[in-house]
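Asker: Need coordinates for the below:
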Amino acid sequence: MTAEPFENTILQALYKEVPELVCDRLVTRPLQTGEVLYEPGNPLIHMIFPHSGIISLQAVLQDGRSVENTSIGRDNFIGVDYLLGEKVTSYHAVVAIPGRASWLSVNDFSAALAAGGPLQGVMRNASRDLLRDLMRGVVCASVHSASQRVATWLLRALDRNDRSQFDITQRTLANIFGLRLATISDACARLHAAGAIDHGRGTMTITDRDALESQCCECYKDKKR
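Answerer: Numbers count the residues shown, from 1 in each chain. Reported below is the predicted structural model:
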């Protein structure tokens, strides 16, 4: 039995516990920019494990705007709320940066959990990390500047993908942060002037990681600890 190259850390733990289930039941495919994976109220029928790219979990306001609650990369998965007894989703899950992900039904996931072992501890850690991200995001949106927030978001994307260029537009970033496009354009211009990034049509390149870290907020440094 040969496993796929799983970059998702949660899925790696799952494979160690129940390799036959992962190999037989898992579906892996590309993630496309702008692809909607879940809408609020959708039945929660699959866990989604990103290997690369970024999935943005967003709240949708009555006026149609969306604001990111948190983002999911290869260090976590979509479906933590299933562990809390939820049967439907409460968020809009959309692909912010393209990549690759694996799908596993909640029934198969439950069977893997029932096997016990270290996997349950991994799930608790994933839930804890997601809660911390959500709490940190509330503070970040309240007190930090747009350029700091963009810098932190890009650094986390870099950590999760091991590449310095991303297919992402300023419009996508504006939707993620719930800010005007002009505000995001100004933030990106500040980061560019600092020598941290370069941005073209539909792409964002991190040209100097140290420079970008000098522009980020304390939320990124707190996440690293």
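Asker: Would you map the strands across the protein?
Answerer: For the chain, the strands defined by DSSP state E cover 27-31, 36-38, 46-60, 66-72, 92-105, 165-166, 197-200, 203-206.
Asker: Which residues does the fourth one contact?
Answerer: With contact meaning C-beta atoms under 8 Å, 6 or more residues apart in numbering, strand 66-72 is reached by 48, 50, 54-61, 78, 91-93, 96, 130, 133-134, 137, 141, 153, 156-157, 175-178. C-betas here are computed from N, CA, C, even on glycine.
Asker: can you state the direction angle for it and strand 46-60?
Answerer: Counting by axes from the mean of the first three to the mean of the last three C-alpha atoms, to 10 degrees, strand 66-72 points 150 degrees away from the direction of strand 46-60.
Asker: what does the model give residue 53 for pLDDT?
Answerer: The per-residue pLDDT reported for residue 53 equals 96.
Asker: Residue 84 too?
Answerer: In this model, residue 84 is scored at 84, pLDDT.
Asker: Distance of it relative to residue 21?
Answerer: Separation of residue 84 from residue 21 (C-beta to C-beta, to the nearest Å): 22 Å.
Asker: Settle it for me: which of these two has more neighbours?
Answerer: residue 21 (17 against 7; other C-beta atoms under 10 Å).
Asker: So that one is in contact with residue 107, correct?
Answerer: No. At 10.7 Å, residue 21 does not count as touching residue 107 under the criterion of C-beta atoms under 8 Å.
Asker: If you tally nearby residues, what's the number for residue 109?
Answerer: Residue 109 has 22 nearby residues by other C-beta under 10 Å.
Asker: and the most centrally placed residue in the chain, what are its bridge partners?
Answerer: Centroid-nearest residue in the chain: residue 72, 1.9 Å away (criterion: C-alpha atoms, centre = their mean). On the basis of DSSP bridges, residue 72 is bridged to residue 55.
Asker: which regions of the protein lie under the pLDDT threshold?
Answerer: Within the chain, the stretches with pLDDT under 70 are 1-4, 116-117, 222-225.
Asker: Please enumerate the helices of it.
Answerer: In the chain, the helices defined using DSSP state H lie at 9-17, 19-25, 106-114, 119-143, 146-161, 170-177, 181-193, 209-215, 218-224.
Asker: send the alpha carbons of the third one over as PDB?
Answerer: C-alpha atoms of helix 106-114 as PDB (Å, rounded to 0.1, in the frame of the first residue of the first chain):
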ATOM      1  CA  VAL A 106     -17.700  12.600   8.000                       C
ATOM      2  CA  ASN A 107     -18.800   9.000   8.400                       C
ATOM      3  CA  ASP A 108     -15.300   7.700   7.500                       C
ATOM      4  CA  PHE A 109     -13.700  10.300   9.700                       C
ATOM      5  CA  SER A 110     -15.900   9.200  12.600                       C
ATOM      6  CA  ALA A 111     -14.800   5.700  12.100                       C
ATOM      7  CA  ALA A 112     -11.200   6.800  12.200                       C
ATOM      8  CA  LEU A 113     -11.800   8.600  15.500                       C
ATOM      9  CA  ALA A 114     -13.500   5.600  17.000                       C
END
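Asker: In it, which of the residues would be classed as buried?
Answerer: For helix 106-114, a neighbour-count test (16 or more other C-beta atoms under 10 Å) marks 108-109, 112-113 as buried.
Asker: So which other helices or strands are in contact with it?
Answerer: Applying 3 or more C-beta pairs under 8 Å, 6 or more residues apart in numbering; DSSP states H and E, we find helix 106-114 packed against helix 19-25, strand 46-60, helix 119-143.
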